[in-house]
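Student: need a 3D model of the sequence below.
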Amino acid sequence: MRNRSGISGVASSPILVGAVTVLVIIIAVFLAYNANNGLPFVSTYNLNAEVPNADALVKGNEVRIGGVRVGIVKSVVPEQLPNGKLAAKLSLSLDKNAEPLPVDSTMMIRPKSALGLKYLQITPGNSSKGFAAGDTIPTSAARPEPVDIDQFFDMFDEKTRLAIRRNQAGFGNALAGRGPQINGAIGALRQLVEHSQPVLGDIVAPSTNFGGFWRALENLNATVAPVAEENASLFVALDRTFAAFARVSRPYIQETIVKGPSTLDAANADLPVLRPFLDESKRFFTALKPGASALAETAPTIAAALHAGVPVLNASPVFNAQIVPTADALLAFQASPGVFNGLNLLIDTNNILKPAVEFIAPAQTTCNYLTLAVSNVASASSEGNGSATWLNFISFAAPSGPNNLSSPASAPANGPESENHLHFNPYPNTAAPGQTKECEAGNEPYKASQTVIGNAAGNQGTTTAGQPKAQQEGEG
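Tutor: Predicted coordinates:
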């Protein structure tokens, strides 16, 4: 009974009831006022974040993950980054269930309503490593902001609105009274779409790499972007060029275009006929190219020949006057008895001598042996010692040993002394038909302590004494 009386005594006190009521209201108001900043005595996961632009994000705005509120923005302050750029630093207070936030997470400031209220959206990443409490999310995690509705309407400034009104008036005037033509165009457009479906199918097929075309176009635009001013000047110059064309468009350019189809028809008919001529011309100029290249080296000689040829051409009338009597004399000689018989005998003689001449001629033309023989005979008959010339007097002691050259022998000299070996080549190669191209006589290597009979091994070359220097250099 005492307790009941005590309770009823407290409840019966208006002052005490009023004080408790006021205290409860104050606590409720405090909690309601600070609800957006977090409830007291509740543990939180605090992070910092850097964004290039806070974009009207203020203290108390929500932080959401997947559309669910997970914290609030406690403060927004400007700061300067190490690279000198300005950014906004956000202080975030998140719920403990969001800890730890993956380090590859991204964030974006998005509008909460059309009235301008914003919130920070965080998209968690997949990294196994997370931000510790107090860490800072870098600006690299910030993503481009979506376009707000006020930014969208800001593009319709006064100039844009005036241009839209003019365009609508122009479109209206262009379409007014053209309903049947527009209906016909729409009907034809259906056929165009139906016929273009196979073409569009081929375009979007993976094998055409149509996406690669746009990527290449993007790369092209990125390449020409640094030279935008040069391109602008190019278009200015093109404007002047086409303005000049406009002044002569009629009748000159118009007539050129009108006559173009007939010209193309004539070209289609004539070019196949001209193709063989062009092919032959190509081969002709290809064959002429070495001669044209050599012409540069021989140009001085040709110039000298032309200078020397002028007097000859001046004297040619006298020479031409002598040709007629000479020709008459040749005709008279031809008519003489025995001429043809003599020519036939001469032809037979040449045919008989031809094999011998072909075999003997290289000995002189290639090896110069005839000249050497005459020169050696002249030297032997003019040079010598006090007793006589070499042609009249020569003596030497033959080497000793079996089969030596001083007496009759049963075999070629073959030692035992190194000097008592026979070296003899009765038919040396002289570059004649059937032989190797070499001047062997006089050029054979001497092999001591060996008996060598016949052609020496290897090619001895074609250089001999008395040849012109140019010939020796060319054959060497």
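Student: so, low pLDDT: which residues of the stretch 351-476 of the chain?
Tutor: For the stretch 351-476 of the chain, applying pLDDT under 70 flags the ranges 384-397, 405, 468-476.
Student: tell me where it has helices.
Tutor: For the stretch 351-476 of the chain, the helices defined by DSSP state H, counting those that start in this stretch cover 369-382, 469-475.
Student: how's the protein carved up into domains?
Tutor: What automatic domain parsing lists as the domains of the chain is 34-149, 337-380+405-476.
Student: what residues are up against the closest residue to residue 55 other than its chain neighbours?
Tutor: Nearest residue to residue 55, sequence neighbours excluded (C-beta to C-beta, 6 or more residues apart in numbering): residue 109, at 5.1 Å. Heads up, the C-betas are built off the backbone N, CA and C, glycines and all. Residues near residue 109 by C-beta atoms under 8 Å, 6 or more residues apart in numbering: 51, 53-55, 57, 118-121, 145.
Student: show the pLDDT at residue 109.
Tutor: For residue 109, the model assigns a pLDDT of 84.
Student: in the sheet, who's paired with it?
Tutor: For residue 109, the beta-bridge partners are residue 120 (DSSP bridges).
Student: roughly how far does it sit from residue 56?
Tutor: Going from residue 109 to residue 56 by C-beta to C-beta, to the nearest Å gives 8 Å.
Student: so what sits against both of the two?
Tutor: Taking C-beta under 8 Å, 6+ apart as the contact rule, residue 109 and residue 56 both touch residue 118.
Student: want to throw the contacts of residue 109 into a markdown table with distance to residue 249, pLDDT and neighbour count?
Tutor: Listed next are these as a markdown table, based on distance: C-beta to C-beta, whole Å; pLDDT from 0 to 100; neighbours: other C-beta atoms under 10 Å:
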| residue | distance to residue 249 | pLDDT | neighbour count |
| --- | --- | --- | --- |
| 51 | 58 | 87 | 23 |
| 53 | 53 | 80 | 12 |
| 54 | 59 | 78 | 19 |
| 55 | 54 | 75 | 15 |
| 57 | 60 | 82 | 19 |
| 118 | 59 | 85 | 20 |
| 119 | 62 | 87 | 19 |
| 120 | 62 | 88 | 23 |
| 121 | 60 | 88 | 18 |
| 145 | 51 | 61 | 16 |
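Student: now, which of the residues you listed sits nearest residue 78?
Tutor: If you rank the contacts of residue 109 by distance to residue 78 using C-beta to C-beta, residue 54 comes first, at 8.1 Å.
Student: excluding chain neighbours, what is closest to the closest one?
Tutor: Residue 54 sits nearest to residue 88 (C-beta to C-beta, 6+ apart), 3.7 Å away.
Student: likewise for residue 71?
Tutor: residue 94 (3.5 Å).
Student: look at the one you found and report its pLDDT.
Tutor: At residue 94, the pLDDT value in this model is 87.
Student: mind listing the residues bridging to it?
Tutor: Residue 94 forms beta bridges with residue 45, residue 71, as assigned by DSSP bridges.
Student: shouldn't it be in contact with residue 46?
Tutor: Yes - with contact defined as C-beta atoms under 8 Å, residue 94 counts as touching residue 46 (7.3 Å).
Student: the two - which one has more neighbours?
Tutor: Taking neighbours as other C-beta atoms under 10 Å, residue 94 and residue 46 compare with residue 94 leading, 20 against 14.
Student: that one and residue 104, how far apart?
Tutor: 17 Å.
Student: what does residue 118 give?
Tutor: From residue 118 across to residue 104, the span is 24 Å (C-beta to C-beta).
Student: one more: residue 365?
Tutor: Counting by C-beta to C-beta, the separation of residue 365 from residue 104 is 91 Å.
Student: got it, and residue 317?
Tutor: Per C-beta to C-beta, residue 317 is found 103 Å from residue 104.
Student: give me the more crowded residue out of the two.
Tutor: Comparing residue 317 with residue 104 by other C-beta under 10 Å, the one with more neighbours is residue 104, at 15 against 8.
Student: quick check, that one in contact with residue 127.
Tutor: Yes - assessed by C-beta under 8 Å, residue 104 is found in contact with residue 127 at 4.3 Å.
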